[in-house]
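# predicted coordinates and the sequence they were generated for:
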Amino acid sequence: MGILEALILGIIQGLTEFLPVSSSGHIELGKEILNVQVKDPLLFSIVVHGATALSTLVIFRKDIISILKELFAFKWNEGTSYSAKIILSMIPVGLVGFFLEDEIESFFEGQILLVGCMLLVTGILLYLTTKAKEKSGEVNFKNAGIVGLAQAVAILPGISRSGTTIAISLLLGVNREKAAKFSFLMVLPPILGAVALKVKDYVEIEQTSGAENISSLALIVGFLAAFISGLIACQWMIRIVKRAKLQHFAYYCFTVGTIAIIWKLMV
């Protein structure tokens with residue numbers, strides 16, 4: 001993977017991480033179109049996911065600081081309750097990542113047919129939000145657990161993490177703004193943890209084997225591209241959820257998913 005490809009894929013990741021169209025699916029489609037081959041495809045995916053996680057930290061910094069202050073008060077309050085819900089939502093994706101790491105990694109290389117099919121699934125979920133009535137519900141522990149299960153399924157490329165978790169939250173009666181906020185905050189701990197572990201493994205492999213892989217410069221370029229475009233997309237997505245416009249992305253997922261399936265079947 002060259003610098004230009006890393007730049008393009010980083011921008012794709014930053015824009016699509018927050019928009020409900022599956023960043024991992026679009027990364028795979030981008031690699032297919034650009035004819036990019038990477039020895040360790042999950043590494044680049046995690047690095048750019050880390051960049052968008054950082055952009056989430058920037059956008060929600062006030063909320064995060066408020067939660068941390070209440071958390072370190074060492075008593076049960078709104079902040080500790082919210083933190084407990086985030087931890088609960090992390091359990092399913094943590095178990096899947098721990099026990100099925102090799103199987104997951106196999107999904108991130110040339111699985112265009114899978115991406116196309118999963119984009120159709122994402123489109124269906126987004127379209128179902130048009131049936132959800134406007135409600136003002138909170139994120140409770142039951143909802144957090146269900147949304148956590150949805151996030152675990154969204155590991156599959158083509159299943160939008162933000163789209164799935166927000167759609168499920170809305171169908172459960174959670175307020176739109178609160179659904180978007182929880183969706184973006186719940187992914188921070190598992191993504192940041194995965195980034196730290198994967199980078200550690202990558203550095204150790206490079207030092208011991210000297211195996212040729214994606215260059216550090218390409219990773220940096222991809223990271224910065226994803227971070228900057230993520231800042232823009234995150235704020236845009238919050239406004240979209242508030243205005244109940246998710247069905248437009250459903251049509252987009254239906255279109256791109258169908259094209260991806262036809263493309264793969266014809267090649």
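Structure's in. What do you need? Numbers count the residues shown, from 1 in each chain.

# ok, longest helix in this protein?
helix 216-242 (DSSP state H).

# which residues are in contact with the helix or strand just after that helix?
Where DSSP states H and E defines the elements, the next helix or strand beyond helix 216-242 is helix 247-266. With contacts defined as CB atoms under 8 Å, 6 or more residues apart in numbering, helix 247-266 is touched by 19-22, 29, 32, 112-113, 115-120, 122-127, 129-130, 158, 160, 163. All C-beta spots, glycine's among them, are computed from the backbone N, C-alpha and C.

# just the buried ones from the residues you listed?
19-22, 29, 32, 112, 115-120, 122-123, 125-127, 129, 158, 160, 163 (16 or more other CB atoms under 10 Å).

# so which of the residues you listed are in strands?
Taking DSSP state E, every one of these sits outside strands.

# next step: these restricted to helices.
29, 32, 112, 115-120, 122-123, 125-127, 163.

# gap between Ser160 and Leu119?
Distance, Ser160 to Leu119, using CB to CB, to the nearest Å: 8 Å.

# name the residues contacting each of the two.
21-22, 25, 253.

# nearest to Val93, of the residues you listed?
For the shared contacts of Ser160 and Leu119, the residue nearest Val93 by CB to CB is Ser22; the value is 15.4 Å.

# show me what contacts the closest one?
16, 115, 118-119, 122, 157-161, 163, 253.

# switch to 10 Å and redo it
16, 28-29, 115, 118-119, 121-122, 154, 156-164, 253, 256-257 (CB atoms under 10 Å, 6 or more residues apart in numbering).

# for Ile104, same thing?
With CB under 10 Å, 6+ apart, Ile104 has these contacts: 42, 96-97, 155-157.

# low pLDDT regions in the stretch 1-150 of the chain?
Applying pLDDT under 70 to the stretch 1-150 of the chain flags residues 37-42, 101-102, 105-110.

# quick revisit: so can I have TSV of the contacts of Ile104 showing distance to Val48 and neighbour count?
Converted to TSV, the contacts of Ile104 look like this (distance: CB to CB, whole Å; neighbours: other CB atoms under 10 Å):
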residue	distance to Val48	neighbour count
Leu42	11	20
Val96	20	18
Gly97	17	17
Ile155	15	18
Leu156	17	22
Pro157	13	24
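
# that older thread, show me the two of the ones in helices among the buried ones among the contacts of helix 247-266 that sit farthest apart.
Glu32 and Tyr127 (25.7 Å).

# now the helix or strand containing Thr52: how far from the chain's centre is it?
Using DSSP H and E, Thr52 maps to helix 41-59. Taking CA atoms, centre = their mean, to the nearest Å, one finds helix 41-59 lying 9 Å from the centre of the chain it belongs to.

# how about it as PDB, C-alpha atoms only?
Extracted C-alpha coordinates of helix 41-59, given in PDB (Å, rounded to 0.1, in the frame of the first residue of the first chain):
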ATOM      1  CA  PRO A  41      -5.100  -5.900   6.400                       C
ATOM      2  CA  LEU A  42      -6.500  -5.800  10.000                       C
ATOM      3  CA  LEU A  43      -3.600  -3.500  11.100                       C
ATOM      4  CA  PHE A  44      -4.500  -0.700   8.800                       C
ATOM      5  CA  SER A  45      -8.100  -1.100   9.600                       C
ATOM      6  CA  ILE A  46      -7.500  -0.800  13.300                       C
ATOM      7  CA  VAL A  47      -5.100   2.200  12.900                       C
ATOM      8  CA  VAL A  48      -7.600   4.200  11.000                       C
ATOM      9  CA  HIS A  49     -10.400   3.100  13.400                       C
ATOM     10  CA  GLY A  50      -8.100   4.400  16.100                       C
ATOM     11  CA  ALA A  51      -8.000   7.800  14.300                       C
ATOM     12  CA  THR A  52     -11.700   8.000  14.200                       C
ATOM     13  CA  ALA A  53     -11.900   7.000  17.900                       C
ATOM     14  CA  LEU A  54      -9.600  10.000  18.600                       C
ATOM     15  CA  SER A  55     -11.900  12.300  16.600                       C
ATOM     16  CA  THR A  56     -14.800  11.000  18.800                       C
ATOM     17  CA  LEU A  57     -12.700  12.000  21.900                       C
ATOM     18  CA  VAL A  58     -12.400  15.500  20.500                       C
ATOM     19  CA  ILE A  59     -16.000  15.900  19.600                       C
END
